[in-house]
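**Q** Using only what follows, build the 3D model:
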Amino acid sequence: MAASAQAQTSFMPALAATRLEVIDVQDHRHLFLNGHLVARYACDEKGTERVLATQLAGVLSLADREIASAFGMHPVSLSRFRSQARDGGPAALMPRKTGPKGPSKMTAELEGRCRALRGQGLSTRAIAERVSQGKVRISHVTVAALFKEVRNEPRQQPLPLGQAMLEPMATPVATAPEPLPTSEPTMPTTPSSSARSMPRLGARGRATRYAGAFLLYAALARLDIWGVFRQLGAETGPARRFGWEQTLATVIFCFALRFRSIEDFKNVRREDLGIVLGEAEAPTVLTLRGKIKALAESVDPLSISRELFRRYLSLEPVWEGLYYLDGHFCPYYGQHPTPRGWDAKRRLAVKGHTDVYVHDARGRALFFFSQPLNDSLARAIPGAVEEIRRAHGPGPFTLVFDRGGYSGDAFRFLQEQCIGFITYLKGRQARRRYPRKQFRSGWFRFEGRRHVYRLFEKKTRISRAGSIRTVIFLGDDDHQIPVLTNLSTSSNAAKIVHCLRLRWRQENDFKYLRDNYAIDQIIQYGADQETLDRCMANPRRKAVKEQVHLLSQQLQALEAQLGRAFDGNDEKRRPTARGIKIAHGRLRSEIAHKRQALTRLENRLKRTPGQISAKAADKTRSLLREDRRLVVNALKIAALNAEKLLVRRFDETYNQPKDAFSVFRSLLHLPGHIRALGMDCLEVRLDRPDSEKVAQALENLLADINQDPPRMLGDGPTLRFIVQR
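**A** Numbers count the residues shown, from 1 in each chain. Next up is the predicted model:
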């Protein structure tokens, strides 16, 4: 690559270039000299960029700081690169591999001693102490790496299925399911998909730290994740391993096992997680990023969310047709000039993007779409209604949202579409209260519990929407909270109030997704210039308003000063008003100038439009690229919904709703042993939890799963679970 870059810049002195531009297009950078394209390279090819920058600094008349600024590097860095190139040529500019550079401390002689001591039954720590001499210190981690079972097995060719995977374990357990017949099968010419996803387990199977993660396959099979992506034509390009099926599973298990980000995935035990993926080892972070990029380019993120929305509704219908709508703001701390939005946590307007989510009454995330321009929730309601119609069908449903969706136009739109809504009344003064004696008790039974409220009903006239039913209920400290709804008077008022209060389940789900699945994170970098033409508030009008307000305050202060002068006038010295005016002539002149300036500003304010075109106002604004983030977030939501399915069944026996999620998260990290029961079946033996109550609930959950065994990666081998005694 360095040689090609050198060849491309060999003719540059003849151009006598005076204008250098480096422009990012997709994931590549384009180098222009006087408008002519002279080089193109990937954004992550740092070595090529350094070679180009140093060669341009040697042949162009531009200053180093201008060249460094075009490439987005510091001038000191460019000076250092030029020094390295003079000493070692272009090869010295290539990024070097991180980690230890010297020879390994583990020589052949030390390795032989370690194996001999291991044969005597010593632990890895004891062996490390024995072989460490003088300055040569051997870590117990280095010793343990010598005895990993996977290193003694071939990695490139899998063991014959007829010999290795059909051999039963040496110590069978009485409660294990009956193994399949162990007769020698006839090997097919082309291996099936289940055989391709069969992990290389060896004759006795293999232990893995993430055996509990196999539980997620049961819920993912019910959600039909792999069927959705197969229907949409997902692919990750030609590869010997890690196809799109393994890519989906890797992303899901990455966040289900509580790795905080794609970069944090480097801390995974790759060989242990590889068993869960049906491979020798899990992909590296670099490989996973490339796979996610190819996956996002092959499918439409919005189509993924739509298909998963239909799967969620077919699996469990929405209670009472109640859909909860709210926006979740994700801040952005990069350098791109992206639109600003309101960050509720920091209570500031910061750069970022907003996602609009649709939940049900259980707090289950059903659908989401991006709103990069951070418009109000009221403007997102028509788009949300269209998406809900696609999955819900022509039947009636009700939208529940907070004050962010309060809008007369939105209310009129929902009424014209015959869609119910429940929201809070906005702008009501706190001192406006009704007598307590006018409130009547009402109740509603939900999830086996009776909820009682003190209620008062009236009508409220909303601009552009007409009179709307208003239910006022007494909250904490007798605070009167008004609720707007267009539902008929036959609908129970207590039910309306309680359905609106269930919106906190959506907020709790946002918190859980943010804390455990990191939905706020930026998955990819780069941005494109905004091309959407829309109306926005005129910043010039805002500036003129501020000037009018400031000048009005100054004028009031001067008039007050003149009034005090008249009131405190000594009539013996100035008995007439004319004398007072003459004495304060400078103050009166200043007031007259201020009034003239205020009149000019008020006339300018009348001629300044309140809304202007956003494209004309800010030509430098850019929007973040979101295709990969939307795909990954859809998988995060699918992983959470799969986790909720398993937790709900687990809690039927555990019967501790407040602790069920935290306990089940620990079960996903249960170690265990995996072995093959046949060409199309794997047995997952999970270590028994220490708590007898947790172990009993886990056994009941596994009994339900084994009644309809799930398949690994959609069409791989079936999975049967058992808890080791």
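**Q** Just the residues contacting stretch 598-609, thanks.
**A** For stretch 598-609, contacts defined as C-beta atoms under 8 Å, 6 or more residues apart in numbering pick out 538, 540-541, 544-545, 547-548, 551-552, 555. For the C-beta atoms, the positions are set from N, CA and C on the backbone; glycine is no exception.
**Q** From the residues you listed, list just the buried residues.
**A** 538, 541, 544, 548, 551, 555 (16 or more other C-beta atoms under 10 Å).
**Q** What are the neighbouring residues in contact with Gly72?
**A** Applying C-beta under 8 Å, 6+ apart, the residues contacting Gly72 are Val22.
**Q** where does the stretch 501-650 of the chain dip in pLDDT?
**A** In the predicted model, the stretch 501-650 of the chain carries pLDDT under 70 at residues 531-534, 536, 614-620.
**Q** how about the strands of it, start to end?
**A** 527-529, 535-537, 611-613, 622-624 (DSSP state E, counting those that start in this stretch).
**Q** For Phe439, which of these is the nearest?
**A** strand 535-537 (40.8 Å; C-beta to C-beta).
**Q** My read is that Ile519 contacts Ala634, right?
**A** No: using C-beta atoms under 8 Å, Ile519 makes no contact with Ala634, being 10.5 Å away.
**Q** Please report phi then psi for the residue of the chain positioned farthest from its centre.
**A** No residue in the chain sits farther from the centre than Lys572, which is 79.1 Å out by C-alpha atoms, centre = their mean. When read as degrees, to the nearest 10, the backbone of Lys572 gives phi -70, psi -30.
**Q** what do you get for Asn374?
**A** phi 60, psi 40.
**Q** In space, not sequence, find me the middle residue of the chain.
**A** Ile519 (2.4 Å).
**Q** What are the neighbouring residues in contact with it?
**A** Ile519 neighbours (C-beta under 8 Å, 6+ apart): 328, 330, 355, 513, 633, 636.
**Q** about what we covered before: out of the buried ones among the contacts of stretch 598-609, who's nearest Val684?
**A** For the buried ones among the contacts of stretch 598-609, the nearest to Val684 is Asn538 (62.9 Å; C-beta to C-beta).
**Q** what are the bridge partners for the nearest residue to that closest one once chain neighbours are set aside, then?
**A** Among residues not flanking Asn538 along the chain, Ile612 sits closest, at 4.7 Å (C-beta to C-beta, 6 or more residues apart in numbering). Beta bridges link Ile612 to Met536, judged by DSSP bridges.
**Q** Tell me, how many residues neighbour Arg514?
**A** By the measure other C-beta atoms under 10 Å, the count of residues near Arg514 is 15.
**Q** Helix or strand with the lowest mean pLDDT in the chain?
**A** The least trusted helix or strand in the chain, going by mean pLDDT, DSSP states H and E, turns out to be helix 2-8, with a mean of 44.
**Q** list the contacts for Ile422?
**A** With C-beta under 8 Å, 6+ apart, Ile422 has these contacts: 398-400, 483-485, 487, 496, 499-500.
**Q** Neighbour-wise, which one of those leads?
**A** Neighbour max across the contacts of Ile422 (other C-beta under 10 Å) = Ile496, 26 neighbours.
**Q** Check the offset of whichever strand or helix holds it from the chain's centre.
**A** Using DSSP states H and E, the element containing Ile496 is helix 493-501. Computed by C-alpha atoms, centre = their mean, to the nearest Å, the separation of helix 493-501 from the middle of its chain amounts to 31 Å.
**Q** quick revisit: for the buried ones among the contacts of stretch 598-609, work out which two are farthest apart.
**A** Asn538 and Leu555 (24.7 Å).
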